[in-house]
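Visitor: No letters, just coordinates:
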């Protein structure tokens, strides 16, 4: 279950978009138990749902609960321009991914699919663009 909360950045239920007329976002929060490497830890997560302002205002009421969960998606590359890698809140240092010893990035996403789980994208960068009118040859 997730809770509808005021957006901590704007202190509003529906925060209007600064780039898309008539659109906005609503903040959801959850506290869930995450098991990683056999260790159970309570984790607080926030995710934003975007859409038309009128629809968001109708569907999301402050303090309401929604069926679903917030999953964590990590990646070797940023999800958006200017995103910083994951930082250890205690030390202030960049966290390195165990498997690659390289920085990584994270994003949180709300889903109604309760069977969804956290996952890592190995690459979100398109390496080669193929024209749509290309013809495959054998």
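Guide: Arrived safely, thanks for sending. Computed from a predicted structure; not experimentally measured.

Visitor: Excluding covalently adjacent residues, which one is nearest to residue 44?
Guide: residue 31 (5.2 Å; C-beta to C-beta, 6 or more residues apart in numbering). Just so you know, the C-beta spots here come from the backbone N, C-alpha and C atoms, and that holds for glycine as well.

Visitor: which ones are touching that neighbour?
Guide: For residue 31, the contacting residues are 42-45, by C-beta atoms under 8 Å, 6 or more residues apart in numbering.

Visitor: Now list the buried members of those residues.
Guide: Burial by neighbour count, 16 or more other C-beta atoms under 10 Å: within those this picks out residue 45.

Visitor: As JSON lines, the contacts of residue 31 with distance to residue 85 and pLDDT would be great.
Guide: Conversion of the contacts of residue 31 to JSON lines gives the following (distance: C-beta to C-beta, whole Å; pLDDT from 0 to 100):
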{"residue": "42", "distance to residue 85": "24", "pLDDT": "91"}
{"residue": "43", "distance to residue 85": "19", "pLDDT": "87"}
{"residue": "44", "distance to residue 85": "20", "pLDDT": "93"}
{"residue": "45", "distance to residue 85": "18", "pLDDT": "95"}
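
Visitor: Now, the contacts of residue 31 that are in strands?
Guide: 42-45 (DSSP state E).

Visitor: Which single one of those residues is nearest to residue 18?
Guide: The closest of the ones in strands among the contacts of residue 31 to residue 18 turns out to be residue 45 (C-beta to C-beta; 23.9 Å).

Visitor: Assess the claim that the closest one and residue 108 are in contact.
Guide: Yes: counting by C-beta atoms under 8 Å, a contact exists between residue 45 and residue 108, whose distance comes to 5.2 Å.

Visitor: Quick check: neighbours shared by these two?
Guide: Taking C-beta under 8 Å, 6+ apart as the contact criterion, the common neighbours of residue 45 and residue 108 are 70, 72.

Visitor: Next, the residue nearest to the spatial centre of the chain: secondary structure please.
Guide: Compute the mean C-alpha point of the chain, and by C-alpha atoms, centre = their mean the closest residue is residue 108, 2.2 Å away. Under the three-state scheme (DSSP: H, G, I helix; E, B strand; the rest coil), the conformation of residue 108 reads as strand.
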